[in-house]
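**Q** Would you be able to build a 3D model of this:
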Amino acid sequence: MRHDLHFDGPVWRLLPESLSATPMIAAQAPEGRFHHSGQVAAYASLSAEGAFVAMRRYFDDGINRVLIPMWLKSDRVIDQRGNARASVVWQDDRAAGKVSPTWAFSDAARNVKAQAMLYSSRSRPELSHVVIFETECLSYIGPVTTFDPDKEFTAGHKY
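**A** Residues are numbered from 1 along each chain as shown. Sure thing, here's the model as predicted:
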């Protein structure tokens, strides 16, 4: 596991419209794929399409969302892309009262003071996501765009 990687580039977040004024905000849920026990985690994707893919399981929740281009600048990044174990469905284990197997990866990254961790999309491994442990590494570049989940995202589609 390398933690000396640098990342300096755009990322996309798909957030509830109510959070559009605070795009660097960490996840609001107490647990997620790579956070638990009060840990900070902001989730993003390396493409707008990746953000769509990452969030599509939640689109039937009735929440209006916005797509927000951001910039991530980090000197300490763990790269777990290509590691299928980091991209498993974690919710089933939690529903059964088990510890999420994905937490081992984020806990290990946090233990070496990583600021962020890259990982592959579970359903589309050619797409990449990032979890940011230190949200001050994120900055807003915008613009905020209203997101319509009923539109099928296609590569090259501009929101």
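**Q** List the residues that contact the residue nearest to the spatial centre of the chain.
**A** What sits nearest the mean C-alpha location of the chain, by Cα atoms, centre = their mean, is Tyr43, with 2.4 Å. When contacts are counted by Cβ atoms under 8 Å, 6 or more residues apart in numbering, Tyr43 touches Arg13, Ala27, Gly32, Arg33, Phe34, Ala54, His129, Val130, Val131, Ile132. All C-beta spots, glycine's among them, are computed from the backbone N, C-alpha and C.
**Q** cool, Pro101 as well?
**A** Contacts for Pro101 (Cβ under 8 Å, 6+ apart) come out as Arg85, Val88, Trp90, Asp93.
**Q** before we move on, back to that, from the contacts of Tyr43, which is closest to Met117?
**A** Val131 (5.2 Å; Cβ to Cβ).
**Q** Could you check how many residues crowd around that closest one?
**A** Neighbours of Val131 under the rule other Cβ atoms under 10 Å: 27.
**Q** Same check on the one 3 residues further on?
**A** The tally of other residues near Glu134 (other Cβ under 10 Å) stands at 16.
**Q** Likewise for Leu14?
**A** 24.
**Q** hey, what's it bridged with?
**A** Leu67 (DSSP bridges).
**Q** Quick check: it vs Asp148, distance?
**A** To Asp148, Leu14 is 12 Å away according to Cβ to Cβ, to the nearest Å.
**Q** got it, and Phe59?
**A** Distance check for Phe59 against Asp148: by Cβ to Cβ, it reads 10 Å.
**Q** Can you list the strands that the helix or strand of the chain with the lowest mean pLDDT pairs with?
**A** Of the helices and strands making up the chain, the lowest-confidence element is strand 145-147, at a mean of 85, by mean pLDDT, DSSP states H and E. Partner strands and pairing direction for strand 145-147 (DSSP bridges) are strand 65-79 (antiparallel).
**Q** related to what we said a few turns ago, from the contacts of Pro101, which is closest to Ala109?
**A** Nearest to Ala109 among these is Arg85, at 13.8 Å by Cβ to Cβ.
**Q** What segments of this protein are helices?
**A** 48-55, 91-95, 103-111 (DSSP state H).
**Q** from these, which stretch is densest packed?
**A** Of these, the one with the most neighbours on average (mean count of other Cβ atoms under 10 Å) is helix 48-55, at a mean of 22.
**Q** distance between stretch 32-43 and the chain's centre?
**A** Centroid displacement of stretch 32-43 relative to its chain, using Cα atoms, centre = their mean, to the nearest Å, is 10 Å.
**Q** No further questions, thank you.
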